[in-house]
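Novice: the following comprises the amino acid sequence and a computationally predicted model.
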Amino acid sequence: MRRYVAAIDQGTTSSRCIVFDHQGRIAGVAQREHEQLFPQPGWVEHDPQTIWRNTESVIAQALRGCDIGAAEVAAVGITNQRETTVVWERATGKPIHHAIVWQDVRTADLTVELAGDQGPARYADRTGLPLSTYFAGPKLRWILDRVPGARERAEAGELCFGTMDTWVLWNLTGQHITDVTNASRTMLMDLRTLQWDPEICADFGIPMSLLPEIRSSSEIYADITHGPLAGVPVAGILGDQQAATFGQACLSPGDTKNTYGTGNFMLMNTGTTPVFSEHGLLTTVCYRLGDEPAVYALEGSIAVTGSLVQWLRDNLGIISSADEIEPLARTVADNGGAYVVPAFSGLFAPRWRPDARGVVAGLTRFVNKGHLARAVLEATAFQTREVIDAMRADSEAQHLDVDKVTLKVDGGMVVNDLLMQFQSDILDAPVVRPVITETTALGAAYAAGLAVDYWTSTDDIRANWSEDKRWTPSMTATTRTHLLTEWNKAVERTYNWA
């Protein structure tokens, strides 16, 4: 048997290749960052060609690092920053514009226009999503409207659209394919049929010839045609948050994970029936394995968490590296009454307030940089509490037992013990970190490996998952209630700013 599965993790700030063995352990890894482009306030772009060159580079580097070749790799999985949108020429593979990143807000007026008299929930009953700058469909419409000649060329069948999974797969194999999880983030796919919705595409003014074929998350799509992995099948695709959910073995209804990255993304497995939120959450496809029924999830997306630590470092200069924040926060016993609400480009779930902007509330002469550091960490935990409260409310009607949720965590911030303890305290629930925290890449590897029988079933995924550390609540109910009340007051100060 071939000994390894490789995962390509094309993220918001970098592209990585990680090679995993059968136990889910990392055998080799390589990573390369790419530039964040900000052509105007609120606009965020990436150069897709740079990302592809970086992807080629990290594949070769990761294989060299563990001294293996294509003959020892059973399959390749792809996971990616979701919603980020790229359009390229079908004949040449050349992008016609920079990729528009999920954080970009240039489509704010367009989403209002598309909502019409019916409001942001116009398509929510089919797509599970509110009309928002977050999703790929409006970004694609913007490119067709604003890039000279794009609409005419699209209607002539000369252009391809994709999220970053599709862009990477195209460059590896020449195939124009996406999976159900990424398609469910465009606003153009019907959650029940798992196909592009012709009526929504028409409303958005998007020719369907642009769109990739939608396939499951775990099947053989095509063999890689060139480079060090030539001949190896690409057999798994999952958007990054769905991949982390899969890698965390959240395989039963009610299982919940939270990824602490640039932003935070909490997903709860809701089984094979989509649960449509009444409390500001997204309904999304969690994964689909081959011909099996799709599994759905409720998702709470928080725009700014880890990037708030970067802001404290880069914009304010209070710390010089991210790992300094925990010792600084530990110099004080609490937040000193200060709250930081990082609504830098509005608030995502569950409030969905694009008009909000960031505030620091509760400042007195007593507050010092230690209190601010603590308030920055606590902002992540408070926002997570809001999302899990919404999940509890939505899932009561579905009889999912989430009052007793144990939160599985992953991502860069989970090494911060102070944050994880506060997260457990403010949730009043256990928080658990797995041994292998690279769960996003691991989930894509699992999807690919299952498709080629490298792993025989999802039982292997459950068996590979193991606990590293657990935090349990130690805060009094009175303190928790006080903190949440003050946080809510601070959040309400951010409204109606923009």
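Specialist: Structure received.
Novice: mind listing what's buried in the host helix or strand of E486?
Specialist: Secondary structure assignment for E486, by DSSP states H and E: helix 477-492. Neighbour counts using 16 or more other CB atoms under 10 Å place 480, 483, 486-487, 490-491 of helix 477-492 among the buried residues. All C-beta atoms are positioned from the backbone trio N, CA, C, and that covers glycine.
Novice: ranges for the strands of the stretch 201-350 of the chain?
Specialist: Defined through DSSP state E, counting those that start in this stretch, the strands belonging to the stretch 201-350 of the chain, from first to last, are 213-215, 218-223, 233-239, 256-260, 264-271, 282-287, 295-302, 339-341.
Novice: helices and strands around the fifth one, which ones?
Specialist: For strand 264-271, the elements it packs on are helix 240-247, strand 256-260, strand 282-287, strand 295-302, helix 369-396, judged by 3 or more CB pairs under 8 Å, 6 or more residues apart in numbering; DSSP states H and E.
Novice: give me that answer again for 6 Å
Specialist: helix 240-247, strand 256-260, strand 295-302, helix 369-396 (3 or more CB pairs under 6 Å, 6 or more residues apart in numbering; DSSP states H and E).
Novice: do you know which of the ones you listed lies nearest A329?
Specialist: For the helices and strands packed on strand 264-271, proximity to A329 was assessed by CB to CB; helix 369-396 is nearest, at 4.1 Å.
Novice: packing partners for the closest one?
Specialist: With contacts defined as 3+ CB pairs under 6 Å, 6+ apart, the packing partners of helix 369-396 are strand 264-271, strand 295-302, helix 325-329, strand 339-341, helix 417-427.
Novice: poorly predicted segments of the protein, please.
Specialist: Residues of the chain meeting the criterion pLDDT under 70: 1, 397-404.
Novice: how close does the residue sitting furthest away from the middle of it get to T472?
Specialist: Among the residues of the chain, the one whose C-alpha is farthest from the average of all C-alpha positions is R365, by CA atoms, centre = their mean at 38.5 Å. R365 sits 36 Å away from T472 when distances are taken as CB to CB, to the nearest Å.
Novice: cool, and T440?
Specialist: From T440 over to T472 the distance is 26 Å, taken as CB to CB.
Novice: compare those two (neighbour count), which wins?
Specialist: Using other CB atoms under 10 Å, the more surrounded residue of T440 and T472 is T440, with 30 against 13.
Novice: surely that one meets Q242?
Specialist: No: contact criterion CB atoms under 6 Å: T440 and Q242 do not qualify, at 9.2 Å.
Novice: if we can go back for a sec, secondary structure class for the residue farthest from the centre of the chain?
Specialist: For R365, the secondary-structure state derived from DSSP: H, G, I helix; E, B strand; the rest coil is coil.
Novice: hang on, the earlier thing: let me have the buried residues of helix 477-492 in a markdown table, extended by distance to M164.
Specialist: Listed next are those as a markdown table, based on distance: CB to CB, whole Å:
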| residue | distance to M164 |
| --- | --- |
| R480 | 39 |
| L483 | 38 |
| E486 | 39 |
| W487 | 34 |
| A490 | 35 |
| V491 | 31 |
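Novice: tell me the one among the residues you listed nearest to T133.
Specialist: In terms of CB to CB, no member of these lies closer to T133 than V491, at 19.9 Å.
Novice: any idea how far the residue nearest to the closest one when sequence neighbours are not counted lies from T107?
Specialist: Leaving out its chain neighbours, the residue that sits closest to V491 by CB to CB, 6 or more residues apart in numbering is V341, at 5.2 Å. Distance, V341 to T107, using CB to CB: 24 Å.
Novice: hmm, who's touching stretch 248-257?
Specialist: Contacting residues not belonging to stretch 248-257 are listed as 245, 267-271, 400-402, 405, 407-408, 439, 458, 461-462, 465 [CB atoms under 6 Å, 6 or more residues apart in numbering].
Novice: can I get the strands of the stretch 201-350 of the chain in TSV with distance to A91?
Specialist: TSV is the format used below for the strands of the stretch 201-350 of the chain (distance: least, CB to CB, whole Å):
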stretch	distance to A91
strand 213-215	19
strand 218-223	19
strand 233-239	22
strand 256-260	38
strand 264-271	36
strand 282-287	31
strand 295-302	36
strand 339-341	48
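Novice: would you mind finding the most buried of these?
Specialist: Per-residue neighbour counts averaged over each of the strands of the stretch 201-350 of the chain give the maximum for strand 233-239, namely a mean of 30 (mean count of other CB atoms under 10 Å).
Novice: can you list the strands that that strand pairs with?
Specialist: For strand 233-239, the paired strands and their directions (DSSP bridges) are strand 73-80 (parallel), strand 218-223 (antiparallel).
Novice: dump it to PDB, keeping only the CA atoms.
Specialist: What follows is strand 233-239, C-alpha atoms only, in PDB (Å, rounded to 0.1, in the frame of the first residue of the first chain):
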ATOM      1  CA  PRO A 233      -5.300  11.200  -8.200                       C
ATOM      2  CA  VAL A 234      -6.900  14.300  -6.600                       C
ATOM      3  CA  ALA A 235      -9.700  12.600  -4.600                       C
ATOM      4  CA  GLY A 236     -10.900  15.000  -2.000                       C
ATOM      5  CA  ILE A 237     -12.100  18.600  -1.800                       C
ATOM      6  CA  LEU A 238     -13.500  20.400   1.200                       C
ATOM      7  CA  GLY A 239     -13.700  24.100   2.000                       C
END
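Novice: next, the angle strand 282-287 makes with that strand.
Specialist: 160 degrees (axes from the mean of the first three to the mean of the last three CA atoms, to 10 degrees).
Novice: let me know the angle separating strand 233-239 from helix 240-247.
Specialist: For strand 233-239 against helix 240-247, the angle by the same axes, to 10 degrees is 110 degrees.
Novice: for beta bridges, what are the partners of the residue nearest to V491?
Specialist: Counting by DSSP bridges, the residues bridging with V341 are V359.
Novice: list the contacts for it?
Specialist: Counting by CB under 6 Å, 6+ apart, V341 touches 359, 490-491, 494.
Novice: out of those, which comes closest to C201?
Specialist: Sorting the contacts of V341 by distance to C201 puts T494 at the head of the list, at 34.8 Å, by CB to CB.
Novice: from G119, how far out is W455?
Specialist: Relative to G119, W455 is positioned 44 Å away (criterion: CB to CB).
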